[in-house]
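# Would you be able to build a 3D model of this:
(one chain, ligands or ions: 1)
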Amino acid sequence: MNLTVPRDVKTTCCYCGVGCGVIATTDGAQVLAVRGDPDHPANFGRLCSKGSALHTSASPLLRQQVRALVPELRRARGGPRAEASWDDTLDFVAQRIAATIAEHGPDSVAFYISGQLLTEDYYVFNKLAKGLIGTNNVDTNSRLCMSSAVAGYKQTLGADAPPNCYEDIDEAEVIFIVGSNTAFAHPILYRRLEDARKRNPALKVVVADPRRTDTARDADLFLPILPGTDVALFNGMLHLALWEGLTDGAFIAGHTDGFNELKDLVRDYTPRFVAEVCGIAEADLVMAARWFGQSKASLSLYCQGLNQSTHGTAKNAALINLHLATGQIGKPGAGPFSLTGQPNAMGGREVGGMANLLSAHRDLANPAHRAEVAALWGVESVPAKPGKTAVEMFDALASGEIKIIWIACTNPAQSMPDQKLIRMALEKAELVIVQEAYTSTATVPYADVLLPATTWAEKEGTVTNSERRITRLHPVLPKPGLTRHDWEIATNFAARLAPLLGKPAAPFTYAGTEQIWNEHRESTRGRDLDITGLSFKILDERGPQQWPFPEGAAVGRKRLYEDGVFPTANGRARFVVTPYLPVAEPVDARFPLHLTTGRLRDQWHGMSRSGTVAQAFAHAAEPSVVMARADMDRRMLRDGELVHVTSRRGSQILAAQAGEDMRAGQAFIAMHWGQEYLSGRGASHGVNVLTMPAFDPSSKQPELKHAAVKILKAELP
Ligand code: SF4
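Just a heads-up that it's a prediction; the model follows:
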């Protein structure tokens, strides 16, 4: 590689699900600069504050300081973890896993992976767990992020397929943003929305959120709903649409089932009742329903505010009900558009990289689907028993049912709810394997085995963004130290484990990502996400493409369901009866404040990458708990004073700040801060020491958006 002549390499931003195209300039040793790819349809040359600082997070100095570069191994609990060769490390892991399977069965092993992985990484991990080890205990941090959206789409539209494209933002007459601070979490999409407003002053933006976020401040109509009341809001809007004749009778009759049962339910969601439940003005509710129902094209953008809830699936389904009933789907500028949080949550969903899914949107519970996948993978069978989802997985680790956990590219010792239990589970595990690019995460100290992995700028493969668009990533830099790609680590391990289990290693032997992707492509043949017309060559020559892209297609499909045919057994979408239910942990006299969590503008997840970028702290330099001024005054608190924030699960000390975005009775803590930033204050582990592990019965997604807390002034020594 020439180290002196700078060259440009096309890749993508590794932060959020917008999936912006990036051109990285490199001299072969470092990334000299990044700029937005003007040809990428996700961003047309733009980058946000996170994306435009990507090169600094990959500086040679940081690659030395914060990267895991050599395998490390602790052969016995209590002993030190020491550097080891890849051969020794993978042999050790293979022997321990084979012995544990022999003694306790395949379900004693679990994999907890990540929406940060590339599609090819995801594919081989899923195949390794389900096809070689014989356990469905493979779940992902996308469970904390998108699983309610998956369940919501499947229950109503028949498949986990976001029907929209980013162009719909340009075409909409009304944009309904709910449970999403798009301005912070999906900044480049928000820029697109701002442009659309400039072009079309008649475009109306309605935002429903418990906090008056930056997104809410810009709205034409802001509905400051009480936490967890989204289903009541959507049912109330549907009630009004029925009352005012704004439903689309022809669409309902021609393309859907189950409307009469839903009508019976929403009859009770009168404007007065809904306004009271949601804590909003009745007139605002009426206005939102009219705007949504009367417009030629209403587009909903939504994210974790709906998903991270014990009723996350119902929230998603209730919103989709509203779209179906008003015919706001399958046409330009209309539809329920779930925004993905992580850069490749979509790719993980496509390959079925979760405990209840199989490749190409197949279902684990379907015997025919299991047989199809086993045949595609070249393995004997895929087990029928459902695997443990994220919260269940760590519960099973804590109880001793799971003995070994392999964690790849994610940081459960910060991101999972109820940290006390998670950390106890990691301590109790017989073997913790952590496959990571960074040594700084809160999970790494629990690792008995540390497998150093490549990360942004080093990897090669594909990702899929929120609008179903697949982009090729090309390596910008060589692998540092002894790091290996995530898919390589998984397949190198499989080659060692297979003979110990008496199984062939051949199905896990790949020459590279293209071969893995081609196998994934074949699994999609005839499915709703069919990509058999695509290839790495086409992606390189013609740029990123949306799925489906079946054989013979010239382009991918921009928008789904324009023909009114849905991927259900009879081709009709299904209304779901969605009664409103309150949050799992209501506030009371002991814990009187609603705590919610969310993102800061310039940080990402647990800060393993963004925490190395100095300018990312210009927006928020320190962690804090934000409250309404009235709640600060009631506690005689000044800005910056330290408080104990306590839930039924734990406590932490933080600086209190008054925020004009907060309603009385609510508190907000950003999700990013972990132990490094809280140490020295008698607190640790970040906000998830407070959050609760209760989860949605369908999606198994935990309620990270709400916990009941009390806040008391900290006594200074
Ligand atoms: Fe990266 Fe998302 Fe910002 Fe685009 S919007 S540059 S994908 S963080």
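
# Which residues are in contact with the residue of the stretch 151-300 of the chain found nearest the ligand?
The nearest approach of the stretch 151-300 of the chain to the ligand comes at Ile188, 3.7 Å away (CB to the nearest ligand atom). Bear in mind the C-beta positions are built from the backbone N, C-alpha and C, glycine included. Ile188 is in contact with Val18, Cys20, Ala42, Asn43, Arg46, Leu47, Cys48, Gly51, counting by CB atoms under 8 Å, 6 or more residues apart in numbering.

# how near is it to Ala664?
34 Å (CB to CB, to the nearest Å).

# likewise Thr100?
52 Å.

# secondary structure class for the residue of the stretch 151-300 of the chain closest to the ligand?
Recorded secondary structure, Ile188: helix (DSSP: H, G, I helix; E, B strand; the rest coil).

# If I look at it, what pLDDT would I see?
Note on Ile188: pLDDT of 98.

# Tell me the spacing between it and Phe259.
37 Å.

# picking that back up, looking at Thr100 and Ala664 now, which is surrounded by more residues?
Applying other CB atoms under 10 Å to Thr100 and Ala664 shows that Thr100 carries more neighbours, namely 18 against 11.

# Which residue, neighbours along the chain excluded, lies closest to Thr439?
Ala68 (5.0 Å; CB to CB, 6 or more residues apart in numbering).

# tell me, how many neighbours does the closest residue to the ligand within the stretch 201-350 of the chain end up with?
Residue of the stretch 201-350 of the chain nearest the ligand, by CB to the nearest ligand atom: Pro343 (6.7 Å). Pro343 has 28 neighbouring residues, counting by other CB under 10 Å.

# Spit out the contact partners of it.
Pro343 neighbours (CB under 8 Å, 6+ apart): Thr12, Cys13, Cys14, Tyr15, Cys16, Gly17, Gly19, Gly115, Gln116, Val463, Asn465.

# Secondary structure class of it, three-state.
Reduced to three states by three-state DSSP, Pro343 is coil.

# Likewise for Leu324?
Counting by three-state DSSP, the backbone at Leu324 sits in helix.

# Surely it is in contact with Ala573?
Yes: with contact defined as CB atoms under 8 Å, Leu324 reaches Ala573; the gap is 5.4 Å.

# Between these two, which contacts overlap?
If you check Leu324 and Ala573 against CB under 8 Å, 6+ apart, the residues they both contact are Thr156, His255, Thr256.

# Please identify which helix or strand holds the closest residue to the first one other than its chain neighbours.
If the residues on either side of it in the chain are set aside, Thr156 comes closest to Ile320, at 4.3 Å by CB to CB, 6+ apart. With the criterion set as DSSP states H and E, the secondary-structure element containing Ile320 is helix 312-325.

# which other helices and strands contact that helix?
helix 147-157, helix 230-243, helix 249-255, helix 259-266, strand 298-302, helix 304-307, strand 335-338 (3 or more CB pairs under 8 Å, 6 or more residues apart in numbering; DSSP states H and E).

# quick check, the next helix or strand after the last one touching the ligand?
Along the chain past strand 335-338, the next helix or strand (assigned with DSSP H and E) turns out to be helix 345-350. No: shown here: helix 345-350 not in contact with the ligand (CB under 6 Å from any ligand atom), separated by at least 12.5 Å.

# so after helix 345-350, what's the next helix or strand?
strand 357-358.

# That following strand pairs with which strands, parallel or anti?
strand 362-363 (antiparallel) (DSSP bridges).

# Contacts for the strand it pairs with, please.
Applying CB under 8 Å, 6+ apart, the set of residues contacting strand 362-363 is Gly352, Asn356, Leu357, His369, Arg370, Glu372, Val373, Arg527.

# Roughly how far does the first one sit from Gln64?
Just to be clear, that refers to Gly352. Counting by CB to CB, the separation of Gly352 from Gln64 is 37 Å.

# Give me the more crowded residue out of the two.
Neighbours per residue (other CB under 10 Å) separate Gly352 from Gln64, with Gly352 holding more: 28 against 11.
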